[in-house]
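> coordinates only, sequence not included:
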């Protein structure tokens, strides 16, 4: 048999396309839902990162304030250390100078020191100072050494704390930088997801439009089913009786008619096939069909031909349909359904329609 009638795609082909488009729409909806969920996850992650970054910046401000306090304390301690050291140097220089002078001048030196006062009490004090000059120097030196040790220890602690604060600042800044990088990456991913979502919505809209168009075409074909002199009811009654006579399921015949001619008994294909079941003139002659455009003759000849093929292939409907479309020679040549797109789609569409029709009542 030749391909379907020349009056455009058959309802079965449109139904197949509609089923495919519906599946695509469902897949796009599922993908869109997944993207929406992923987008919400990215937004939540970005919010969490923003919160962490704000916390890190607050920690950094606290550390910087602490470092400022420590730096101020360090400056004060260093100043105190310098004042103490300078005072010690002055006291030490004065004591050493006085001691050297008295030692160099002997008794005269001591007398000069003692007689340089203007009261008896001051004289007694000066004598005591001169007598204890060496021990005074030792005491002062010891005190200064202790003070220097204390200050040195404080300076070491302050320096250690300052180093720790600086290290904490560096770590906090590095953490903040890492969070900012992750934040930027997530925002880029979010932008990409939103772009994908918009693209999928456009695809979904196009598929819905295509689905609407296919549905309209199918409706138009169904309305045109009665073109010619044969009504749908008459067609069913006639093919039912003939199919029953040849032991073929009437629903299968109905599917073949829909694929071949769309139910138009006057259909003619570009290859020359005629009528409801698109009989080629040579095939019609071999089946003793004198007028292929007569609905009853066409049905009787086409059903008889298909019944013979089903019997030939031991009830394998798919092979029988392939032979009806492409010829038994090609089925034998390829050991099954021939690898022709037309024949492959022909068999698939009819089997689909056959299954659909089995659930309907005519």
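That came in fine, so what should we check first? Keep in mind the model is a prediction, meaning the values are calculated, not measured.
> rest of the way, CA atoms for contacts and neighbours
Will do.
> got the buried residues for stretch 253-265?
Neighbour counts over stretch 253-265 (16 or more other C-alpha atoms under 10 Å) mark 253-265 as buried.
> mean confidence for stretch 252-266?
The average pLDDT for stretch 252-266 rounds to 90.
> now swap in stretch 23-39 and tell me
Averaging pLDDT residue by residue across stretch 23-39 gives 77.
> quick one: contacts of stretch 318-329?
1-3, 305-306, 309-310, 312-313, 330-331, 336-338, 343-344, 346-347, 351 (C-alpha atoms under 8 Å, 6 or more residues apart in numbering).
> I figured residue 173 hits residue 59, correct?
No - counting by C-alpha atoms under 8 Å, residue 59 is not a contact partner of residue 173; they are 9.8 Å apart.
> now the strands: where do they sit in the stretch 1-150 of the chain?
With strands called from DSSP state E, counting those that start in this stretch, the stretch 1-150 of the chain shows none.
> poorly predicted segments of it, please.
Residue ranges of the stretch 1-150 of the chain with pLDDT under 70: 1-18, 88, 91-92, 94-141, 143-144.
> helices along that one, start to end?
11-115, 120-131, 133-223 (DSSP state H, counting those that start in this stretch).
> same deal with the stretch 251-362 of the chain?
Counting by DSSP H, counting those that start in this stretch, the helices of the stretch 251-362 of the chain are 281-286, 295-312, 317-326, 328-334, 341-357.
> nearest to residue 152 among those would be which one?
Among those, the nearest to residue 152 by C-alpha to C-alpha is helix 341-357 (94.7 Å).
> that closest one vs helix 317-326, what angle?
Angle, helix 341-357 to helix 317-326, by axes from the mean of the first three to the mean of the last three C-alpha atoms, to 10 degrees: 130 degrees.
> elements contacting helix 341-357?
With contacts taken as 3 or more C-alpha pairs under 8 Å, 6 or more residues apart in numbering; DSSP states H and E, helix 341-357 sits against helix 11-115, helix 250-260, helix 317-326.
> and the angle for it with helix 250-260?
140 degrees.
> what is the mean pLDDT for helix 341-357?
92.
> centre of the chain to that helix, how far?
39 Å (C-alpha atoms, centre = their mean, to the nearest Å).
> with stretch 240-248 instead?
So, by C-alpha atoms, centre = their mean, the centroid of stretch 240-248 is 58 Å from its chain's centroid.
> and that stretch, which residues are buried?
240, 242, 243, 246, 248.
> find the nearest non-adjacent residue to the first one, please.
Read that as residue 240. Leaving aside its chain neighbours, residue 240 sits nearest to residue 250 (5.1 Å; criterion: C-alpha to C-alpha, 6 or more residues apart in numbering).
> I'd say the one you found and residue 235 touch.
No - with contact defined as C-alpha under 8 Å, residue 250 does not count as touching residue 235 (10.8 Å).
> tell me the contacts of residue 238?
Contacts of residue 238 (C-alpha under 8 Å, 6+ apart): residue 296.
> swap the cut-off to 10 Å and go again
Going by C-alpha atoms under 10 Å, 6 or more residues apart in numbering, residue 238 touches 230, 232, 250, 295, 296, 299, 300.
> which of these has the most neighbours?
When neighbours are counted by other C-alpha atoms under 10 Å, residue 299 leads the contacts of residue 238 with 28 neighbours.
> if we can go back for a sec, go through the buried residues of stretch 253-265 and name the one nearest residue 158.
residue 259 (93.8 Å).
> the closest one and residue 267: what is the separation?
12 Å (C-alpha to C-alpha, to the nearest Å).
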